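Visitor: Got a predicted structure plus its sequence, pasted below:
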Amino acid sequence: MEFSAQQIADFLHGEIIGDNQVKVNNLSKIEEGKPGTLTFLANPKYTHHIYTTQASIVLVNRDFEPEQKINATLIKVDDAYSCLAQLLNLVNQARPEKKGIDKDTYIAASATISQSVYIGAFAYVSENVKVGENVKIYPQVYIGDNVTIGDNTILYPGVKIYHDCVIGKNCIIHAGAVIGADGFGFAPHNGAYVKIAQIGNVIIEDQVEIGANTTIDRATMGSTIVRKGAKLDNLIQVAHNVEIGENTVMAAQVGVAGSTKIGSHCMVGGQVGFAGHITIGDRVNIGAQSGIPNHVSSDTSILGYPAVPAREFARSTVMIKKLPELNQTVKQLQKEIENLKKRLEK
Amino acid sequence: MEFSAQQIADFLHGEIIGDNQVKVNNLSKIEEGKPGTLTFLANPKYTHHIYTTQASIVLVNRDFEPEQKINATLIKVDDAYSCLAQLLNLVNQARPEKKGIDKDTYIAASATISQSVYIGAFAYVSENVKVGENVKIYPQVYIGDNVTIGDNTILYPGVKIYHDCVIGKNCIIHAGAVIGADGFGFAPHNGAYVKIAQIGNVIIEDQVEIGANTTIDRATMGSTIVRKGAKLDNLIQVAHNVEIGENTVMAAQVGVAGSTKIGSHCMVGGQVGFAGHITIGDRVNIGAQSGIPNHVSSDTSILGYPAVPAREFARSTVMIKKLPELNQTVKQLQKEIENLKKRLEK
Amino acid sequence: MEFSAQQIADFLHGEIIGDNQVKVNNLSKIEEGKPGTLTFLANPKYTHHIYTTQASIVLVNRDFEPEQKINATLIKVDDAYSCLAQLLNLVNQARPEKKGIDKDTYIAASATISQSVYIGAFAYVSENVKVGENVKIYPQVYIGDNVTIGDNTILYPGVKIYHDCVIGKNCIIHAGAVIGADGFGFAPHNGAYVKIAQIGNVIIEDQVEIGANTTIDRATMGSTIVRKGAKLDNLIQVAHNVEIGENTVMAAQVGVAGSTKIGSHCMVGGQVGFAGHITIGDRVNIGAQSGIPNHVSSDTSILGYPAVPAREFARSTVMIKKLPELNQTVKQLQKEIENLKKRLEK
């Protein structure tokens, strides 16, 4: 596929500065731009690249005014980043769509499958499963008994969903994610541990994305819940009976211990750990690798191990760096006091 | 399934306070209790919920004396929590049991399979594998050459076990776990790395539970060993030649580097990291996210990065918070000493 | 298979001290050595075990001179560790080789497969895939549209490779690894998040090893790249548009955020986290569990959260331990100054 600057400007309601017939067939980052590709400038930190980029077309915001000559054709739009997102989407949708049911699948007779579904080879759909419209189930997916999958949801290869879980509409679950494995519950008994059966489930609401090899355990009783619009990156651990609020975003390798409730619109950095049985408010920002031992109020930014307000963390970090100096100062003061004492004694 | 308070009290040898004919068909948490469900009260922190819960039946300990009117029927038992565990187990066992061998499986002719086994579709059982009685092998499991699986063990969907590994009796391995991948061993050679072949195996003893997407690498030579009754949560990394002691419990995302030996009855918090070639004693408690660079004696509680005794960690945390204050104090002292010097010079 | 000391010495160009007819059929670690096995002594810390090991043969360096009687037969070689690596390799290669294409596989008609390939049952090879010579694709592997797999590469059971990715020659990818899942990109929009389509790919160059359940996300545009000879352990997260340099080694559970570039010949400890959009030089050593918020120059050793030069980290750790003592000293100084003041006032 190849598009001219004119075609793209028409699609994005943009204004062309330069050659309206130049053609592109791919997208690129501005610092890696090659002839025949379209790139974008949204972050002012990257502005200097626009004067040297080899890309043929650059999307820029309407208020951009070049300070030097630019070789590329510019397309001025209201919001360069969101226009780029539209183009990425367009390219992505041009890929051939997966359709139909492959030959070597296992689909229980009691399962309810819509006509519009894709089910790849070696996928396993158990008893009483309900699969909505336009769902895509890639090869080697496992769906346990009584699971429901909402419309337009995509399960990438090798996703495993245990019995009784509920997956909403328009969700994307990436390869290797495990939804509904047993919560980690044991009762000590004579120096060993007895397993506590985990009879609850996992509920994933609509518009949720879950990363590759992330694990979300079923509740002991009731449900582990990931609410509408939440986005979870790869290799995250969500323990039994946890709740993650609407539109909360978590970077990779975060761990959330049992029964913790996280509010809506939170942003959680990579490798953060949450203790169990705590409550995190709404719109909380948590820096990467932090450890969260206690409740956190809404509208706070925290960081560190254990986590403290971001400003306090910065101050402590500086102070710790200066500790050797502080130590020297105190030693010096000791000497001076000894001197003063001697002088007083004279 | 529906049970009356009388049936449940008879099963648990409990005493009914209230309506012995009220019926329940599910279990719930006391703060989320709905009519038609049974809940329990074991932790005194939750006592206030018993006066408002909508649950129809509450299991309580025999010594519980209400301070207000309770709408629910009470069943008094010796140990409310362990009775709950019994009921959870009962509910869990009521699920239909998986049996027989599905059509689309690969089972090598040289494999030895008991009559009572379940093997789901798309599972792969290699040469010379030995599978014990009542083993359940879910769909898409891979079992490499010469592996042994003990009686009553459950391998959930997508578990991968490499050649020569030994899995004990009554084990549970959750979806996506990988047992016996190569240990991470390379020898530097002319600025690159040469792979050291990993010819050992993994031995999982009896009654071990392993979480979803956890990885346990095979030994370079000899065996990586997880001993009887150990419980490992999700996304844990166990490197080559590690040993994990009996009844040791590890929360999610822990990492154990090569050749480290961890004793029995230890409790390890989430995201803890162990250096390689160290020895951890028995009954050691380690707080979440700790880093363990060196040997640890038995019967200690440690925490932090690098880990120190729990009391010392608490003290350091407080001291670090107070650092800006301490810094101010020292500056004040400097001034006062200068003043004293001046006065002495007069 | 059984070999005599003579056969092994001939193979390794070694010199025998002791019985040249003693036979071994396995390898062992010196502290666990059993009769009928061969072990080695490379690390001087283990020297004392050579006088008590039950192993029948010990490989030692040519300059080794025993201080006591040794029961085992010695074979003196130029480099005991690299000779051991040769023997491990030999044992490993003696395992039966997987060959041919199993019955229950899905191979798209448009895929190009060499004659010498192994493809296990329930593996899925999509449209336009190109598979090189001697590639081994184990059961339950998924290979998406347009993927290329170089000669001699091994994909262990359950590996998932999304469309358009490129895997080099002589690579090893362990079970459950996911290559090419979507990068974690969302644009905020009216309090929710809109997915940014991820149209790039992942390029794995030659001689790369990737651990079990590791995840490497595709680029938003362009490529996420793991360069020649890099070795990644288990459960590592590599985000979109990251580059990892040649012969860089990463221990388990490391996380690298988006667009970060890591140089060549780096050594990264377990559970380290890298912020996004930073650059790490060549030959950088990073201690386990460190957090890397900023650029790092070549040829440095860093450690801690946030990471600092290794020496500075050691000093801070000592200083933090001594904080309670420093605090006491300052309090004592306060008292003494008060005393001095009083004496001056008299």
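Guide: Alright, I've got the coordinates.

Visitor: Show me which residues of the helix or strand harbouring A:Pro324 are buried.
Guide: In this structure, A:Pro324 sits in helix A:323-345 according to DSSP states H and E. Within helix A:323-345, the residues that count as buried by 16 or more other Cβ atoms under 10 Å in any protein chain shown are A:Leu323, A:Leu326, A:Asn327, A:Thr329, A:Val330, A:Leu333, A:Glu336, A:Ile337, A:Leu340. Where you see a C-beta, it was placed from the backbone N, CA and C, and this is true even at glycine.

Visitor: Sort out which one of those residues lies nearest B:Tyr81 for me.
Guide: Taking Cβ to Cβ as the measure, B:Tyr81 lies nearest A:Leu323 of the buried residues of helix A:323-345, at 46.8 Å.

Visitor: what about the closest residue in space to that closest one that isn't next to it in sequence, neighbour count?
Guide: Once flanking residues are discounted, A:Leu323 sits nearest to C:Met319: 4.0 Å by Cβ to Cβ, 6 or more residues apart in numbering or on different chains. Neighbour count for C:Met319, taken as other Cβ atoms under 10 Å in any protein chain shown: 17.

Visitor: Give the bridge partners for A:Ile107, please.
Guide: Applying DSSP bridges to A:Ile107 yields these beta-bridge partners: A:Val125.

Visitor: so it touches A:Ile113, yeah?
Guide: Yes. Using Cβ atoms under 8 Å, A:Ile107 is in contact with A:Ile113, at 6.6 Å.

Visitor: between these two, what contacts are shared?
Guide: Here A:Ile107 and A:Ile113 share the contacting residues A:Ile101, A:Ile119, A:Val125, scored by Cβ atoms under 8 Å, 6 or more residues apart in numbering or on different chains.

Visitor: which one of these has the most neighbours?
Guide: Scoring the shared contacts of A:Ile107 and A:Ile113 on neighbours with other Cβ under 10 Å, the highest-scoring entry is A:Val125 at 27 neighbours.

Visitor: Enumerate the positions of stretch A:182-191 that are buried.
Guide: A:Asp182, A:Gly183, A:Phe184, A:Gly185, A:Phe186.

Visitor: ugh, wrong one, stretch A:94-104
Guide: A:Lys98, A:Asp102, A:Asp104.

Visitor: Give me the residues contacting that stretch.
Guide: Identification of contacts with stretch A:94-104 by Cβ under 8 Å, 6+ apart yields A:1, A:107, A:113, A:117-123, A:136, A:138-139, B:104, C:104, C:106, C:122, C:127, C:145, C:163.

Visitor: pLDDT of it, averaged?
Guide: Mean pLDDT, computed over stretch A:94-104, is 93.

Visitor: now stretch A:3-15
Guide: 95.

Visitor: just how off-centre is it within its chain?
Guide: 31 Å (Cα atoms, centre = their mean, to the nearest Å).

Visitor: what about the helices in the stretch 1-150 of chain A?
Guide: Remark: helices assigned in the stretch 1-150 of chain A by DSSP state H, counting those that start in this stretch are A:5-12, A:80-93.

Visitor: Please list the outside residues in contact with the helix holding A:Pro324.
Guide: Residues contacting helix A:323-345 (Cβ under 8 Å, 6+ apart): A:319, B:323, B:326-327, B:330, B:333-334, B:337, B:340-341, B:344, C:315-316, C:319-320, C:322-323, C:326, C:329-330, C:333, C:336-337, C:340, C:343-344.

Visitor: now do stretch A:4-20
Guide: A:21-24, A:38, A:56-57, A:59, A:62, A:70, A:72-78, A:83, A:86-87.

Visitor: Distance-wise, check A:Trp105 relative to chain C.
Guide: One correction, residue A:105 is Thr, not Trp. Distance, A:Thr105 to chain C, by Cβ to the nearest Cβ, to the nearest Å: 10 Å.

Visitor: who's in contact with that residue?
Guide: A:Ile119, A:Gly120, A:Ala121, A:Phe122, A:Ala123, A:Tyr124, A:Val125.

Visitor: wait, isn't A:Gly183 in contact with A:Val242?
Guide: No. With contact defined as Cβ under 8 Å, A:Gly183 does not reach A:Val242; the gap is 9.3 Å.

Visitor: Give the residues shared as contacts by these two.
Guide: In contact with both A:Gly183 and A:Val242: A:Thr224, A:Gly258, using Cβ under 8 Å, 6+ apart.

Visitor: relative to helix B:323-345, how tilted is the helix or strand bottoming out on mean pLDDT in chain A?
Guide: Within chain A, confidence by mean pLDDT, DSSP states H and E is lowest for helix A:323-345 among all helices and strands, at a mean of 88. Interaxial angle, helix A:323-345 versus helix B:323-345 (axes from the mean of the first three to the mean of the last three Cα atoms, to 10 degrees): 30 degrees.

Visitor: that older thread, now the helices of the stretch 1-150 of chain A as CSV including mean neighbour count?
Guide: Formatted as CSV, the helices of the stretch 1-150 of chain A follow (neighbours: other Cβ atoms under 10 Å in any protein chain shown):
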stretch, mean neighbour count
helix A:5-12, 18
helix A:80-93, 18
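
Visitor: Could you dump those helices into JSON lines and include distance to C:Met267?
Guide: As requested, the helices of the stretch 1-150 of chain A are exported to JSON lines (distance: least, Cβ to Cβ, whole Å):
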{"stretch": "helix A:5-12", "distance to C:Met267": "46"}
{"stretch": "helix A:80-93", "distance to C:Met267": "36"}
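
Visitor: how about those helices, which one is nearest C:Gly191?
Guide: C:Gly191 lies closest to helix A:80-93 among the helices of the stretch 1-150 of chain A, at 15.4 Å (Cβ to Cβ).

Visitor: Could I have the CA atoms of the closest one written out in CSV?
Guide: Only the C-alpha atoms of helix A:80-93 are listed here, as CSV (Å, rounded to 0.1, in the frame of the first residue of the first chain):
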residue,chain,number,x,y,z
ALA,A,80,0.0,15.2,15.4
TYR,A,81,0.1,12.4,17.9
SER,A,82,-3.5,11.4,17.7
CYS,A,83,-3.3,11.6,13.9
LEU,A,84,-0.4,9.3,14.0
ALA,A,85,-2.4,6.9,16.2
GLN,A,86,-5.2,7.0,13.5
LEU,A,87,-2.6,6.1,10.8
LEU,A,88,-1.1,3.3,12.9
ASN,A,89,-4.6,1.9,13.3
LEU,A,90,-5.2,2.0,9.6
VAL,A,91,-2.0,0.1,8.8
ASN,A,92,-2.9,-2.4,11.5
GLN,A,93,-6.4,-3.0,10.1
